[in-house]
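# With the sequence up front, the predicted model follows.
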Amino acid sequence: MNTMAIVILVLILVLLVVLCLGLGLVIMRQEKLEKRMSREREISAVSLDTIRNISRKMDTVQNQSALSLQSANSLQDQVHSITQVMTNAKRRGSWGEYQLESLIRTYLGDNDRIYSVQYHLKNGRISDGAFHLPDTDKVLCIDSKFPMENYIRMNEENGDEEYYERELRKNVKKHIQDVAGKYITEETLDEAILFIPNEGVFAWLCGPGSDLMEFAMASHVMLVSPTTLGGVVFNLLASTKNFWRIQNLDQIEKQIETLELQAEALVSQCQKVRKTEQLLDKQSAELSKACYRLLYQLDALSNPDGDISVPASEKGQGQTFEDYASGRPDQSGKILP
């Protein structure tokens, strides 16, 4: 009976141990499962944030693409507008006139005595502008021409470059002849200026088309571009200023002499002011000494038996009254009665 009880007890103990081990394994597996689920939740949260960030970036990219598309469309419209201006002869001419006037107004300002816009000649012709020169009633006319179509085709049409170059030469030569015939008259100088608003065309005229430059010079027509126009305008402006200086040289000399007299008078006044200032400094020092002497006498009357010193607030260290008043240093620090 005792043996049976012992066996049963052992079995019970073994069963308890097995149950405890099983329960521990279940708890461990549950903890691992919870950790795994926690990591998965974290990964899911990170993935959700990543997806949200990607979504925001995609929205930003879409907005930027829309803006880029709008910018591209706007740029395309601008290019189209410029193309229309360049391909339409009337609009191109208006652009050349506007550019000419803008440049000259930038260089000269609104000075109608030097430059006039849309100048009417007696022969009925109207130049884009005219420069008024000193000491003469004659003007120097300037007109804008824009030979662009054949120049563009010459550079873009493969195989027909020579044909369009010949046509471009005809255009430029005709413009030179028109300017010489219309804007060189008895009321103008013997020269005129042809403004070419495109630097590319002007560069071609300076290179392969240099013979047209020679033809223009022989026709008394000066070819200029937006870059070289400034040099011509500044030379005309400098010549005008020098002429007026020479014409008014006597008056300028008189004004300079007047300014010199005024400067000498100012120097004299400054010297007088300096002398007055020195005199005032001297009188101020004497007045200060007199004041201190008066104070000394008052102190002497009020303290007949005592030593009288300069008040500490008024004297320098180691100075008597007389030393202080006269400016002489002393180490006694007292004034004898």
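All right, it came through fine.
# Next, the buried residues of stretch 288-302.
Taking 16 or more other Cβ atoms under 10 Å as the basis for neighbour counts, the residues of stretch 288-302 that come out buried are Tyr292, Leu295, Tyr296, Asp299. The way it works is simple: take the backbone N, C-alpha and C, and place the C-beta from them, glycine included.
# now, among those, which is nearest to Arg56?
Minimum separation from Arg56 among those (Cβ to Cβ) is found for Tyr292, which lies at 86.3 Å.
# Just the pLDDT at that closest one, thanks.
In this prediction, Tyr292 carries a pLDDT score of 82.
# Looking at the buried residues of stretch 288-302, which are in helices?
Judged by DSSP state H, the subset of the buried residues of stretch 288-302 located in helices is Tyr292, Leu295, Tyr296, Asp299.
# re earlier: could the buried residues of stretch 288-302 go into CSV alongside distance to Met222?
Compiled in CSV, the buried residues of stretch 288-302 are given as follows (distance: Cβ to Cβ, whole Å):
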residue, distance to Met222
Tyr292, 86
Leu295, 90
Tyr296, 93
Asp299, 96
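# Tell me which two of these sit farthest apart.
For the buried residues of stretch 288-302, the maximum inter-member distance is 10.3 Å, found between Tyr292 and Asp299 (Cβ to Cβ).
# What separation do you get for the residue positioned nearest the centre of the chain and Ala285?
Within the chain, the residue whose C-alpha comes closest to the C-alpha centroid is Thr106; the distance, by Cα atoms, centre = their mean, is 16.7 Å. When Cβ to Cβ, to the nearest Å is the yardstick, Thr106 and Ala285 sit 64 Å from each other.
# count of residues packed around Leu140?
By the other Cβ atoms under 10 Å criterion, the neighbourhood of Leu140 contains 24 residues.
# Tell me the bridge partners for it.
Residues in a beta bridge with Leu140, per DSSP bridges, are Phe131.
# And it, how close does it get to Glu187?
Per Cβ to Cβ, Leu140 is found 11 Å from Glu187.
# so which strand or helix has the residue nearest to the centre of the chain?
Secondary-structure assignment from DSSP states H and E places Thr106 in helix 89-108.
# what residues are up against Glu101?
With Cβ atoms under 8 Å, 6 or more residues apart in numbering as the criterion, the residues that contact Glu101 are Val117, Asp128, Gly129.
# Same list, those residues, but as TSV with neighbour count, pLDDT and secondary structure please.
Putting the contacts of Glu101 into TSV (neighbours: other Cβ atoms under 10 Å; pLDDT from 0 to 100; DSSP: H, G, I helix; E, B strand; the rest coil) gives the following:
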residue	neighbour count	pLDDT	secondary structure
Val117	14	87	strand
Asp128	22	87	strand
Gly129	21	88	strand
